[in-house]
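**Q** Here's a sequence, model it:
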Amino acid sequence: MEQVIYLVRHCKATGQDPDCELTSQGYEQSQQLASFFETIEVDQIITSPYTRAVQSILPTAEQKNLDIYVHDGLKERDLSNKKLENWMELLEASFRDLHMKLSGGESSYEAMQRFLPILEAIKLGRVKSTILVTHGNLMTLMLNHFDRQYGFEDWKSLSNPDVYKVTIGSGLIERIWQ
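**A** Predicted coordinates:
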């Protein structure tokens, strides 16, 4: 059985804190996501616990009459617990050195490790199609797990929202959000 994962980056939000909600534009985008997925078979939805991620996929879940499963493994990556003036440079460096770890943060490698149990559960399950809703940094690291070419420049090119289709087994990756 061919399995597909739709990696979804959340819609536009009011900020970066875990409890930040979607903006009015973000709510419109969540409706656009529901329209986008309307004709696509989806068996399950797993999302980051962050409010903006749940709100992004809620219209899709309601439309498809699916429960939303929340998983901490999909939460945003913490680069550091300190305010960093040069955070963009450090983030870029963290894509080159997956084991680089800043004060109070997690390395790219550690963030990727949070995703692997979810991937294994999907592979072992009997579902054909899963939506995973997450955040830009972790989404790019997830793509990097499937294809090492994905990195910092791909993170910079992500939109809110964004959708990639990953076909398990063949390793085919497609950016399908317009």
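
**Q** Spell out the residue ranges of the strands in the chain.
**A** Using DSSP state E, the strands of the chain run over residues 4-9, 44-47, 68-70, 129-134, 162-167, 172-175.

**Q** Tabulate those in CSV, adding columns for distance to Thr60.
**A** Every residue, glycine included, has its C-beta placed from N, CA and C. Below are the strands of the chain laid out as CSV (distance: least, CB to CB, whole Å):
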stretch, distance to Thr60
strand 4-9, 9
strand 44-47, 7
strand 68-70, 9
strand 129-134, 7
strand 162-167, 11
strand 172-175, 18
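
**Q** So for Ser24, which of the ones you listed sits nearest?
**A** With respect to Ser24, and counting by CB to CB, the nearest of the strands of the chain is strand 4-9 at 18.4 Å.

**Q** For that closest one, name the packing helices and strands.
**A** Using 3 or more CB pairs under 8 Å, 6 or more residues apart in numbering; DSSP states H and E as the contact criterion, the neighbours of strand 4-9 among helices and strands are strand 129-134, helix 136-146, strand 162-167.

**Q** Of these, flag the one that's most buried.
**A** Counting by mean count of other CB atoms under 10 Å, strand 129-134 has the highest mean neighbour count of these, with a mean of 26.

**Q** Just list what it packs against, helices and strands only.
**A** With contacts taken as 3+ CB pairs under 8 Å, 6+ apart, strand 129-134 sits against strand 4-9, strand 44-47, helix 51-64.

**Q** Show me which residues of the longest one are buried.
**A** Right, the one you point to is helix 51-64. Of the residues in helix 51-64, those buried under the neighbour-count criterion (16 or more other CB atoms under 10 Å) are 51-61, 64.

**Q** Lys12: neighbour count?
**A** Using other CB atoms under 10 Å, Lys12 has 18 neighbouring residues.

**Q** what's the answer for Gln16, then?
**A** If you count neighbours by other CB under 10 Å, Gln16 ends up with 10.

**Q** Pull the contacting residues for it.
**A** Glu76 (CB atoms under 8 Å, 6 or more residues apart in numbering).

**Q** coming back round to it: distance to Gly26 added to the buried residues of helix 51-64, as a markdown table?
**A** As requested, these are arranged in a markdown table below (distance: CB to CB, whole Å):
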| residue | distance to Gly26 |
| --- | --- |
| Thr51 | 11 |
| Arg52 | 7 |
| Ala53 | 11 |
| Val54 | 12 |
| Gln55 | 7 |
| Ser56 | 7 |
| Ile57 | 12 |
| Leu58 | 11 |
| Pro59 | 11 |
| Thr60 | 14 |
| Ala61 | 16 |
| Lys64 | 20 |
